[in-house]
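J.: mind looking at a prediction? Sequence and model below.
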Amino acid sequence: MVIDEMKSTINITATKKQFPYRKNLMAWLQHGDRIWSLLLWLSGLLVVILVVWIGWRLWIESAPSRAEFGWAFISPWAKASWNPALDKFQAWSSIYGSIVTAVIALFLAVPFSIGIAIFLAELSPAGLRVPLNYMVEMLAAIPSVVYGLWGIYVFLPTVVVPIGKFIAATAGQIPGLAIVAGGHMPVSGLSRLAAALILTIMITPTIAAVSRDVLLAIPNSQREASAALGATQWETIWKVLLPNGLSGILGAVILGFGRAIGETMAVTMVIGNTTGGGYSILKPGYTMASIIANEFAEAVSALHTSALVEIGIVLFFLTLILNAIARWLVWRVKKQVMGE
Amino acid sequence: MAQEIFSQVNLPRVYRRRRLVNKIMLGLTALTLILALIPLVWIIVYVLIKGGRHINLDFFIHLPQPMGTTGGGILHAIEGSLVMVILASVFSIPPALLAAFYLTTHDSTPLASAIRFSTDLLAGVPSIIVGLFGYAIIVLAQKHYSALAGGVVLGMIMLPVVIRSAEEMLKLVPPDLRAGSLALGAPEWKTAIRVVLPAAAEGIITGIMLGVARATGETAPLLFTALGNDNYEIGTMVKQGIAHNQSIFAILGRIFEQPADALPLTLWKYAQQPYPERVEQSWAVALVLMLFVLALNILARVWIARRRSALQ
């Protein structure tokens, strides 16, 4: 920058009558700018260090568990057991819970989110756009515990239990599907399905907002060209805009997946918190986040604590990778669009 | 106009089909939005009705009663939230602003890319993991739960939110302002603090408001850092401190060193208790928490939108 080049000249000329040593010191400090840039640099570095530090610290804290259980800890094929009384820990049940709830939530949330993004970016009348954007953002801003409270006492009895009964009566009767959709849901509705449905509501605004931004970043010339060829508005959206923003929208979806995996409180409140439950989505279970939230403060032994931290590491690296991929995809789209 | 003319012409089948598909699909996108907003309205209305019944002055100025009895308030949670959010702001805002200044003045250095990337990653780290980290570095070292530990983890939650919005807002400041100040001989730091920062202050404050809203609503990181404390009351602690002739630092130390409660933490605990009075109260806590967080969010967003349109 030109300004930065000029600065050095300015600093030399702007010296007052002072004691010589002070003059030298101020000149060396560039009138405080050296300290300032050091502060800027350190603060910036802090953010980078923080991410590394989290990973490193969790790695250290989980050492006893890693030494004791090895890779079998996270293996789907190892004998599943989570028994604090016997100091035997195996995390697959909670990993499965995280994956299955997040995947169901994603499947349900993606069509909704993309529909919302299309409406907000392409169709919304100008007067409605701002209030609707606010409402979608409010949906994302409601604290997780409030979702959980509403989930336990309102959403579960009115929505989840009937859906659970329906699934048990239909998919649960098909021999192959009975493993994942069989059995009876508890009367309270506390189950993996409940967690998945709450997550759907919670990640929809995230995916919708990022997808909307991706669509808005696509230049108008694309829309005009498509319309000039005689395409209807839907054809423009489906065949021009969505393929154009595909990698960005994929980024939004992965971001939503990361959110769903890491979401803690609402899930802990509705998933039932047990390490049993087999594979059925109608049964209560655990996710990685909820087992930590539920057991960490009352962990009975050092190995128990360490095993929970190891689950934390799995969760941390999983979200780290998901976020990195998502950011890269969204960033690529924006760069592509800017470059045109 | 064109629509009316077209509708009178007898179009070939394929065109009619395409127009039908167009209408149906566009209608479906509107439907998705309406369906997604149902939970929003449902939650807000339900919490307002259910929680509104228990809101009165006593609820805000009393500590909780023993379990199983009626009455009692959430003063401990309000004060705990206040203390921890203030601590979080003190820990996170200065480095966040400095990092944002770094990003605007060193736009494309490798460290700038690393900072942006790390900020995004930090924003994506599940809050429960931040809680584990806070437990490992503070609670284990101090050997007890404390408001201080809660403040640090909430600060880590706020950090990426504030950095991102501050960077965006600092970028909106016209570069001429900076150039003018530097040309008058002001050093870089004075320019940043006295010229650039005031010009972007409004936007930065909105970013801080979003960060505070986020930190206030977080429960997971506090579970094993602040833990919870039904008797957390600043007034009593200050009075006791004065009675024992303690210095202000000793009193502040007591406030920061004790385990503390927070609104979302209280809500979480109350919601799962077998006593119906507690569950009823949890709706009132939800109401207070939700209104505070949503009001901060809306205020901040309206403010940002206004500022953007004023600058463009």
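T.: Arrived safely, thanks for sending.
J.: residue contacts, whatever residue of the stretch 201-340 of chain A ends up closest to chain B?
T.: In the stretch 201-340 of chain A, the residue that lies nearest chain B is residue A:262 (2.8 Å; C-beta to the nearest C-beta). (Glycine included, C-beta is placed from N, CA and C.) By C-beta atoms under 8 Å, 6 or more residues apart in numbering or on different chains, the residues touching residue A:262 are A:289, A:315, A:319, B:124-129.
J.: among those, name the buried ones.
T.: A:289, A:315, A:319, B:124-129 (16 or more other C-beta atoms under 10 Å in any protein chain shown).
J.: lowest-confidence one in those residues?
T.: Among these, residue B:124 has the lowest pLDDT, at 92.
J.: leaving out chain neighbours, which residue sits closest to it?
T.: Among residues not flanking residue B:124 along the chain, residue A:323 sits closest, at 3.6 Å (C-beta to C-beta, 6 or more residues apart in numbering or on different chains).
J.: how far away from the center of its chain is the helix or strand containing that neighbour?
T.: Using DSSP states H and E, residue A:323 sits within helix A:302-339. Relative to the chain's own centre, helix A:302-339 is displaced by 8 Å; criterion: C-alpha atoms, centre = their mean, to the nearest Å.
J.: swap in stretch B:58-68?
T.: Relative to the chain's own centre, stretch B:58-68 is displaced by 26 Å; criterion: C-alpha atoms, centre = their mean.
J.: so for that stretch, mean pLDDT?
T.: 83.
J.: wondering if stretch A:121-140 reaches chain B at all.
T.: Yes - Stretch A:121-140 comes into contact with chain B (C-beta under 8 Å from any C-beta of the partner chain), by way of A:123, A:130, A:132, A:134-139.
J.: where does chain A have low pLDDT?
T.: By pLDDT under 70, the weakly predicted segments of chain A are A:1-23, A:337-340.
J.: gap between the residue nearest the centre of it and residue B:100?
T.: Centroid-nearest residue in chain A, with C-alpha atoms, centre = their mean: residue A:259, separated by 2.0 Å. Plainly put, residue A:259 is 24 Å away from residue B:100 if you go by C-beta to C-beta, to the nearest Å.
J.: from the residues of stretch A:121-140 next to chain B, list the buried ones, please.
T.: Members of the residues of stretch A:121-140 next to chain B classed as buried by 16+ other C-beta under 10 Å are A:123, A:132, A:134, A:136-139.
J.: and those, which two are furthest apart?
T.: Across those, no pair lies farther apart than A:123 and A:138, at 20.5 Å, counting by C-beta to C-beta.
J.: run a quick neighbour tally on residue 97.
T.: You didn't pick a chain, so chain A it is. 31 (other C-beta atoms under 10 Å in any protein chain shown).
J.: nope, chain B please
T.: By other C-beta under 10 Å, 24 other residues sit near residue B:97.
J.: wait, what's in contact with it?
T.: For residue B:97, the contact set (C-beta under 8 Å, 6+ apart) comprises B:162, B:166, B:197, B:204.
J.: list the contacts of the third one.
T.: It stands for residue B:197. With contacts defined as C-beta under 8 Å, 6+ apart, residue B:197 is in contact with B:97, B:204.
J.: picking up where we left off before, could I get the contacts of residue B:97 as a markdown table with secondary structure and pLDDT?
T.: Output for the contacts of residue B:97, formatted as a markdown table (DSSP: H, G, I helix; E, B strand; the rest coil; pLDDT from 0 to 100):
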| residue | secondary structure | pLDDT |
| --- | --- | --- |
| B:162 | helix | 95 |
| B:166 | helix | 93 |
| B:197 | helix | 92 |
| B:204 | helix | 91 |
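J.: filter those residues down to the buried ones and hand me the ChimeraX line.
T.: Command for ChimeraX that selects the buried part of the contacts of residue B:97, burial taken from 16+ other C-beta under 10 Å:
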select /B:162,166,197,204
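J.: and the two most separated of the contacts of residue B:97?
T.: Spatial extent of these (C-beta to C-beta) is set by the pair B:162 and B:197 at 13.5 Å.
J.: quick one: the helices in the stretch 101-250 of chain A?
T.: A:126-141, A:144-150, A:161-169, A:178-181, A:192-217, A:220-228, A:233-236, A:242-244, A:246-262 (DSSP state H, counting those that start in this stretch).
J.: shaky segments in the stretch 151-300 of chain B?
T.: For the stretch 151-300 of chain B (pLDDT under 70), the answer is none.
J.: up against chain A, what does the stretch 201-312 of chain B have?
T.: Going by C-beta under 8 Å from any C-beta, the residues of the stretch 201-312 of chain B near chain A are B:213, B:216-220, B:223-224, B:227, B:264, B:267-268, B:271-272, B:279, B:282-283, B:286, B:289-290, B:293-294, B:297-298, B:301, B:305.
J.: in this structure residue A:222 contacts residue A:241, no?
T.: Yes - judged on C-beta atoms under 8 Å, residue A:222 makes contact with residue A:241 at a distance of 6.8 Å.
J.: the more surrounded of these two?
T.: Shown here are residue A:222 and residue A:241; by other C-beta under 10 Å, residue A:241 has more neighbours (21 against 16).
J.: re the thing from before, which one of the buried ones among the residues of stretch A:121-140 next to chain B is nearest to chain B?
T.: residue A:139 (4.8 Å).
J.: quick one: contacts for the nearest residue to that closest one once chain neighbours are set aside?
T.: Sequence neighbours aside, residue A:205 is the residue nearest to residue A:139 in space, at 4.3 Å (criterion: C-beta to C-beta, 6+ apart). Counting by C-beta under 8 Å, 6+ apart, residue A:205 touches A:113, A:136-137, A:139-140, B:36.
J.: please identify which helix or strand holds residue A:300.
T.: Counting by DSSP H and E, residue A:300 is part of no helix or strand.
J.: quick one, phi psi at it?
T.: Note on residue A:300: its backbone torsions stand at phi -90, psi -30 [degrees, to the nearest 10].
J.: quick one: the closest residue to it other than its chain neighbours and chain B, what's the gap?
T.: Spatial nearest neighbour of residue A:300, excluding adjacent residues (C-beta to C-beta, 6+ apart): residue A:84 at 4.7 Å. Using C-beta to the nearest C-beta, to the nearest Å, residue A:84 is found at 16 Å from chain B.
J.: so residue B:141 sits in a helix?
T.: Yes - Residue B:141: assigned to a helix according to DSSP: H, G, I helix; E, B strand; the rest coil.
J.: so what's it scoring on pLDDT?
T.: Residue B:141 carries a pLDDT value of 92.
J.: tell me how many other residues crowd it.
T.: Neighbours of residue B:141 (other C-beta under 10 Å): 8.
J.: returning to that earlier point: and the residue nearest to residue A:300, what does it touch?
T.: Neighbouring residues of residue A:84 by C-beta under 8 Å, 6+ apart: A:295, A:299-301, A:304.
J.: dihedrals phi and psi, it?
T.: Per degrees, to the nearest 10, the backbone of residue A:84 is at phi -60, psi -30.
J.: residue B:169 touches residue B:199, doesn't it?
T.: No - the criterion here is C-beta under 8 Å, and residue B:169 misses it with residue B:199 at 9.3 Å.
J.: out of the two, which sits in the more crowded spot?
T.: Legend: neighbour count by other C-beta under 10 Å for residue B:169 and residue B:199, higher for residue B:169 (24 against 17).
J.: now the more buried one, nearest residue through space, not along the chain?
T.: Using C-beta to C-beta, 6+ apart, the closest residue to residue B:169 is residue B:203 (3.1 Å).
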